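**Student:** What would the 3D arrangement of this be:
(chains A, B and C)
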Amino acid sequence: MTNRDDVIRIRGARIIDPFRGIDVKDDELHVAGGRIVSRDDVRDGSRPVRVVDAHGLWLVPRLTDMHVHLRSPGQEWKEDLVSGSQAAAAGGFTIVAPMGNTDPPVDIPSLVEWQRHRGDAIGLVRIFPIGTITHGLQGERLADLYTLEQAGAVGFSDDGRVVASARLMRAALSYSVSLRHPIIEHAEDRALAEGTVMHEGDVSQRLGLPGVPEQAEALIAWRDVELAGLTGGRLHLAHVSSLGTLAALAYAKRSGLTVSAEVTPHHLYLTDEAVEAWDYNPVTKVNPPLRPQSIRQALIEAVVSGLVPVIASDHAPHHADEKAQPYSAAPYGISGLETSLGTVLTVLLHSGRMNPVDLFARLSKGPDQVMGLNYPGLLTGAEADLTLIDPNARWTVDPARFYSKGHNTPMAGEQLTGRAVATMCRGRWTMRDGEVLEADGE
Amino acid sequence: MQDLLGLEDLTAREIDELLDLAQALREVVDRPIKKVPTLRGRAVVNLFFEPSTRTRSSFELASKYLSADVINFSGSHSSVQKGETIWDTAQNLTALGVDAVVVRHGTSGVPRQLADLLRVPVINAGDGSHEHPTQGLLDLLTVRQCKGTISGLKVAIVGDVLHSRVARSDLFGFRALGAEVTLVGPPALMPDSFAGPGVRITHNLAEGMRGADVVQVLRIQRERQAGGYIPSLEEYRERWGITRHRLQWADADVVVLHPGPQNRGVEIDSDVLDGESSRVLSQVTNGVAVRMAVLYRLLGGTYDEPR
Amino acid sequence: MAILLDADAMRRALVRIAHQIVEKNQGIDDLVFVGIRRRGVPLAERIAQSVALSEGRRPSVGVLDIGLYRDDWARRPFAPVEATTFREPIDGKIVVLVDDVLFTGRTVRAAIDALLDFGRPRVIQLAVLVDRGHRELPIRADYVGKSTPTARSEKIRVLVREVDGLDQVELVKRPEGGA
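**Tutor:** Below is the predicted model:
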């Protein structure tokens, strides 16, 4: 084990730091005491130096997945904070923001503190909890948002459910003006979505599965954008997947509103054709549903242009038995932490659509800004959260090798290019060569 | 052919072969002693997760006329409610030595998933809003008996196409055999993506029925009223109900079909249903012949060879 | 390949069978022919025609498809089945089954099973154009056009005008162990 006082010198890597907008080849970086240190700080030779040769690899700071479900407390058969932390480290992430729709929901400060401290004790990834917007996820009255924020919540969401009442959403957005963190909406018109299991379109019509039109998302997205305009509040739209939502985002941007959004890797990679290709296996069942090619293209363009500044996995692990049901009965969700990076690199980088600085911004600076975390980038004194990436590694997704308890992914069998080969959180290696280091908390 | 999951998967030739076979087997149904030893020693399970007396009885008789043994397994009082997945249930049943699985389920795709899982032939007896291939085949057989051929016929399918597995199987079957299909009904119940070569969509009954050689009348469920797809059954009848008067819009020798059970006085009037154009009872008889043909086709022949 | 019967020999064999049938049954009252699909059917038609020439009335000819009664179907590729049709009920009748070749006897066994599902004939008799031996069941023909000893590996091909375009019976030698 590396002693915390040892100096780690990572040399030879191409350092891509979206926080500072730099991309430098064959550079080196020193880490000591959990922070980035300058070359001068370690030149005196008083501390042992461990050299890591990272030639051919890319070094990026603080990969963040601001939308995951770690299922704890309450549903530890699906995932727990240890397996979720391991999955995050394996996937190259140093921050994850778990949604508050646990059992019980994260609507009281003690649960925020528990998740956060438990994450620190495990020590593989920083767990920054998202509190609920409404008490008990009931959609009736606001949770104590300030108290949750004081306890460490970095955002608020009833994810999994829309805030159905416009009055309540207005209240939440209005209150957010006095907070530092955003209101995150799961935009979905309930009445339109009720009983549906996939995107409404030619595939759903042919397969005879009940479909939801993309407008179910856009209606709420437009409502919330209007409410953000009304209140000046801070709105973030989770897992956007509709043309109408993109139009609402563009409108919000033109109007100078504080509105942001995220898109998932699976919506960038797959289409609703996957439902047929998987022979109705509900591994493809996810909310919002996989969309047709035309929408997938528009989502890619929105990420490229920066209209959507964040990519987040919506990591939603389930037990195999829960997915072993007919399509309508199976729960929504894809286990995404361990395929997110490879998927994104395959779709956006290797296709030549994005340069590395912009691409990694969607996974680091973007979520940092949305959540108001203010990480400075790889400057001397900054927390040493970084990931080494082999951008050209070709690999095939095999859920049996996941650290996550959830093996539910329609990415199974896909060949991807690019993956994290080492993850460092707080100056300590949490994953090397695909192997997650021992969790401290066990 | 390993399984029968939907008519969308079949070529015109495969459909024709099944219809020829069903036509030959129809003779067995008309015999005084309705029993041939063809599938003696074979066991078929009817795995019905959705209540259905008509289709289940038809499959059961088809198996019995061919001398197969039949087990009826209904999803509502069974181990399915004891925490077992339906995949466990199906695998256990085939481990008992069952040679074919006939499955009906309220969710689309369950037969296909079972076919991927099981080593014995799977026959779809209706899945969700997806397909009901034996109903499609019996409709084709009934029309072929009346008209001699399917190719070139004008076929109107009237009603709740969106939620109808019968409509999908009919559409795929009639289209494959060269008929011109018109889907007719309320806009909210029309899957617009089906329009294309050989298939058009209209909301106007007079237009849809004009010159039709075949009118397939679909059952309209009361739930569609609650779901807001139609204002009321009364208004539905007013605009899309098949009455004696409206039947005159079709060809003089029109054949009227209905997959049953019928809502008399809603989607179809009694004097049409009981009238000379109606073939609903031959549909029922042909249903047994078609199911015998499917069982014979899937359990005969290459069955002994490894899948 | 050797020709066992040419068109003329075939014609004479069928006429002889027709006479034997009339003689044995002392006329044609209650007589019904049933051809086993496929080549038994045209042969039955021709025998019925010969009977008509001598007796002034043509017995009816039914068509029997034994596909549903085979005991070896699971080992054969899928075979289409065609309809079985009788022009009149067979209860109490003298049914003469007609087939082209009598070999193991299994086809005739299936045909008898099938017939009995349609009714209760007074008598069932069997007429075949060629009896090649190698019976596996206790079955014999009442009327035989030609008996000929064969090796199991050999094949008898009966060609009829209505199906094959010419009348001829061939003995085809196949290599041992061949298909």
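**Student:** Pull out the buried residues from whatever helix or strand residue B:286 lives in.
**Tutor:** Secondary structure assignment for residue B:286, by DSSP states H and E: helix B:280-299. For helix B:280-299, burial by neighbour count (16 or more other C-beta atoms under 10 Å in any protein chain shown) applies to B:280, B:282-299. C-beta coordinates here come from the backbone N, C-alpha and C atoms, glycine included.
**Student:** Of those, which fall within the contact range of chain C?
**Tutor:** B:296-297 (C-beta under 8 Å from any C-beta of the partner chain).
**Student:** which intervals of the stretch 101-250 of chain B have sub-threshold pLDDT?
**Tutor:** Along the stretch 101-250 of chain B, the model assigns pLDDT under 70 to no residue.
**Student:** my guess is residue B:99 meets residue B:42, correct?
**Tutor:** Yes - Residue B:99 is in contact with residue B:42 according to C-beta atoms under 8 Å; the separation is 4.5 Å.
**Student:** where do the contact lists of the two overlap?
**Tutor:** B:68, B:299 (C-beta atoms under 8 Å, 6 or more residues apart in numbering or on different chains).
**Student:** Count residues in the vicinity of residue A:51, would you?
**Tutor:** A total of 12 residues lie near residue A:51 under the criterion other C-beta atoms under 10 Å in any protein chain shown.
**Student:** Pretty sure it sits against residue A:11.
**Tutor:** Yes - Residue A:51 is within contact range of residue A:11, at 6.4 Å (criterion: C-beta under 8 Å).
**Student:** can you give me the helices for chain C?
**Tutor:** Using DSSP state H, the helices of chain C run over residues C:7-24, C:40-55, C:106-118, C:161-164.
**Student:** Just tell me which of those ends up closest to residue A:63.
**Tutor:** Of all the helices of chain C, helix C:106-118 sits nearest to residue A:63, with 72.9 Å by C-beta to C-beta.
**Student:** Tell me the helices and strands packed up against the closest one.
**Tutor:** Contacts defined by 3 or more C-beta pairs under 8 Å, 6 or more residues apart in numbering or on different chains; DSSP states H and E place helix C:106-118 against strand C:31-36, strand C:61-64, strand C:94-102, strand C:123-131.
**Student:** And the ones you listed: which comes nearest chain B?
**Tutor:** Checking the helices and strands packed on helix C:106-118 against chain B by C-beta to the nearest C-beta gives strand C:61-64 as the closest, at 10.5 Å.
**Student:** quick one: that closest one near chain B?
**Tutor:** No - Strand C:61-64 stays clear of chain B (C-beta under 8 Å from any C-beta), getting no nearer than 10.5 Å.
**Student:** In terms of pLDDT, where does residue 49 sit?
**Tutor:** Since no chain was named, I'll use chain A. pLDDT, residue A:49: 88.
**Student:** Please refer instead to chain C.
**Tutor:** We have a pLDDT of 96 for residue C:49.
**Student:** Ok, the one 10 residues further on next?
**Tutor:** With respect to pLDDT, residue C:59 scores 94.
**Student:** check contacts around it.
**Tutor:** Applying C-beta under 8 Å, 6+ apart to residue C:59 gives the contacts C:28, C:31-33, C:48, C:51-52.
**Student:** same thing but 7 Å
**Tutor:** By C-beta atoms under 7 Å, 6 or more residues apart in numbering or on different chains, the residues touching residue C:59 are C:28, C:31-33, C:48, C:51.
**Student:** next one: residue B:205
**Tutor:** Counting by C-beta under 7 Å, 6+ apart, residue B:205 has contacts B:158, B:184, B:239-240, B:246.
**Student:** And for residue C:154?
**Tutor:** Taking C-beta under 7 Å, 6+ apart as the criterion, residue C:154 is in contact with C:171-174.
**Student:** Residue A:269 now?
**Tutor:** With C-beta under 7 Å, 6+ apart, residue A:269 has these contacts: A:343, A:347.
**Student:** how about 8 Å then?
**Tutor:** Counting by C-beta under 8 Å, 6+ apart, residue A:269 touches A:343, A:346-347, A:411, A:414.
**Student:** Need phi/psi at it.
**Tutor:** With angles defined as degrees, to the nearest 10, residue A:269 sits at phi -100, psi -40.
**Student:** Quick check: of the contacts of residue C:154, which has the highest neighbour count?
**Tutor:** Most neighbours among the contacts of residue C:154, by other C-beta under 10 Å: residue C:171, with 18 neighbours.
**Student:** quick one: average pLDDT of the helix or strand where residue A:218 lies?
**Tutor:** In this structure, residue A:218 sits in helix A:215-231 according to DSSP H and E. Averaging pLDDT along helix A:215-231 yields 98.
**Student:** quick one: it near chain B?
**Tutor:** No - Helix A:215-231 is not in contact with chain B by C-beta under 8 Å from any C-beta; minimum separation 14.2 Å.
**Student:** So for that helix, what gets flagged as buried?
**Tutor:** Using 16+ other C-beta under 10 Å as the burial criterion, the residues of helix A:215-231 that qualify are A:215-229, A:231.
**Student:** Point out the residues in the stretch 151-300 of chain B that sit beside chain A.
**Tutor:** So the stretch 151-300 of chain B meets chain A at B:162, B:165, B:168, B:191-194 (C-beta under 8 Å from any C-beta).
**Student:** Kindly give a single PyMOL line that selects the buried subset of the residues you listed.
**Tutor:** In PyMOL, this line selects whichever of these come out buried by 16+ other C-beta under 10 Å:
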select buried, chain B and resi 162+165+168+191+194
